[in-house]
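# the following block contains a protein sequence and its predicted model.
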Amino acid sequence: MSGDLLTIITKQPYGSEDAYAGMRLSLGIAVSGLIAGSAVLLMGDGTLNAVASQRSEVLGMPSNLEALQDLMDMDVPVYCVEEDLRARAGIVETLDGVTMLGIEEVGNLVSRFHMVTTF
Amino acid sequence: MGTLTILIRSGSMMNMDANVAVELANAALDKGHGVKIFCYGEGVTLAKEGQDPRSFPNIEEEMAKLISRGAEVVICSTCSTARGMKMGEEMEGATVGSLTNDLSRFISESDRLVTLAR
Amino acid sequence: MDRLFIMLRSPSEYRDLSIIASLGGEGRIGIILFQDAVMFSVHPDRRDELLDMADEVFVMGNDLEARGFKGKGDPRFRVIGYPEAVDLIMEGYDLTITV
């Protein structure tokens, strides 16, 4: 295995397919057996993907929450910038297993990866 | 020389991202780099056969030139099926593939990744 | 680790540039402006804001010329073509991040 990829998600759930597509991309990379590391970072509006009380079924959309759970079930780390979420929604319950990061820790996280893609 | 993977998520006529992909790929090939293009989401339309824009650049023709120069082009199977693009509707030289088999291989074989999307 | 940011959208679509600082880290920060983003180089209010984010900012000459601003961008933005963009991506920086 070689290479690694950090998938940064900056888009809200359900407004577009971007966030879901990013999660699926990260999962596809993780299960390939070809890549040493895959992780997801939720930033900006993307932090709203971690909100635990989502109910995508009212829109007939696939669940971004389940997509995040699928990642963590495959040992793909999911990070969320705490300040960004708080700035958008106050204090809300997030999906168990999502690691909250301070904004000052994001640069160091990026340093651990050789490739980055954004959604 | 290295290898550049371009991950494109914009459609061929959505905006000019496809043109940037083509220009970057050509310049990379000119310098002797390898080029791999993975078309994801709306990006699968870059490699759809039969594009015929009246005024704007024909991305299919530009992609065909890239393939003839050695670029590898793969389109996401799930994304193309979702958009009603059937097997065989991809342009000649492009392959229908997957994140797991193809984008992962591209990443493992490349030195740099450029994402083109809005 | 030196990071090269790619920007494609109009200045008015980037309400907040802090994502560049957040993702930046300790190495050099470069930015290439493609397409509508080239208008940062002539924007009276936003060009300094962007320049403050990076060690160097590059602007695609063809996109600037197509919009009628050849030679009219702030000289602190370095006008380049695709061959130079490839060199920056493949050799000048360690990774690219599209924002």
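Received, thanks. Numbers count the residues shown, from 1 in each chain, chains lettered A, B, ... in the order given.
# use CA for all of it now, contacts and neighbours both
Fine.
# residue 52 - how many residues pack around it?
No chain specified, so I'll use chain A. Residues lying near A:Ala52 (other C-alpha atoms under 10 Å in any protein chain shown) number 13.
# chain C, not that one
Residues near C:Asp52, counting by other C-alpha under 10 Å, number 11.
# repeat that for the one 5 residues further on.
Neighbour count for C:Val57, taken as other C-alpha under 10 Å: 21.
# quick one: the strands in chain C, in order.
Ranges of strands within chain C are C:3-7, C:29-33, C:56-60, C:77-80, C:95-98, based on DSSP state E.
# how about chain B?
B:3-8, B:34-39, B:72-76, B:95-97, B:112-116.
# quick one: the shortest one near chain A?
No - shown here: strand B:95-97 not in contact with chain A (C-alpha under 8 Å from any C-alpha of the partner chain), separated by at least 11.9 Å.
# of the strands of chain C, give the one that comes closest to chain A.
strand C:95-98 (6.0 Å; C-alpha to the nearest C-alpha).
# can you redo the strands of chain B as a markdown table with mean neighbour count and mean pLDDT?
Below are these laid out as a markdown table (neighbours: other C-alpha atoms under 10 Å in any protein chain shown; pLDDT from 0 to 100):
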| stretch | mean neighbour count | mean pLDDT |
| --- | --- | --- |
| strand B:3-8 | 24 | 98 |
| strand B:34-39 | 26 | 98 |
| strand B:72-76 | 24 | 98 |
| strand B:95-97 | 20 | 97 |
| strand B:112-116 | 24 | 98 |
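# A:Ala87 is nearest to which of the ones you listed?
strand B:112-116 (27.4 Å; C-alpha to C-alpha).
# quick check: angle from the closest one to strand B:34-39?
On the basis of axes from the mean of the first three to the mean of the last three C-alpha atoms, to 10 degrees, strand B:112-116 is oriented at 30 degrees to strand B:34-39.
# could you pull up the residues touching the nearest residue to C:Val57 once chain neighbours are set aside?
Using C-alpha to C-alpha, 6 or more residues apart in numbering or on different chains and skipping residues adjacent in sequence, the residue nearest C:Val57 is C:Ile31, 4.7 Å away. Residues counted as contacts of C:Ile31 (C-alpha atoms under 8 Å, 6 or more residues apart in numbering or on different chains) are C:Leu4, C:Phe5, C:Ile6, C:Met7, C:Ala54, C:Glu56, C:Val57, C:Phe58.
# name all residues that make contact with residue 46.
Using chain A here. By C-alpha under 8 Å, 6+ apart, the contact set of A:Gly46 is A:Ile9, A:Thr10, A:Lys11, A:Gln12, A:Pro13, A:Ala19.
# ah, no, chain C please
Contacts of C:Arg46 (C-alpha under 8 Å, 6+ apart): C:Pro11, C:Phe40.
# kindly report the same for B:Thr115.
So B:Thr115 contacts A:Thr117, A:Thr118, B:Ile6, B:Leu7, B:Ile8, B:Arg9, C:Ile97, C:Thr98 (C-alpha under 8 Å, 6+ apart).
# need the residues you listed in JSON lines with distance to A:Gly3, can you?
What follows is the contacts of B:Thr115, written out as JSON lines (distance: C-alpha to C-alpha, whole Å):
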{"residue": "A:Thr117", "distance to A:Gly3": "13"}
{"residue": "A:Thr118", "distance to A:Gly3": "17"}
{"residue": "B:Ile6", "distance to A:Gly3": "15"}
{"residue": "B:Leu7", "distance to A:Gly3": "15"}
{"residue": "B:Ile8", "distance to A:Gly3": "19"}
{"residue": "B:Arg9", "distance to A:Gly3": "21"}
{"residue": "C:Ile97", "distance to A:Gly3": "16"}
{"residue": "C:Thr98", "distance to A:Gly3": "19"}
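# tell me the spacing between whatever residue of chain C ends up closest to chain B and B:Ala27.
Residue nearest to chain B within chain C (C-alpha to the nearest C-alpha): C:Pro83, separated by 5.3 Å. From C:Pro83 over to B:Ala27 the distance is 5 Å, taken as C-alpha to C-alpha, to the nearest Å.
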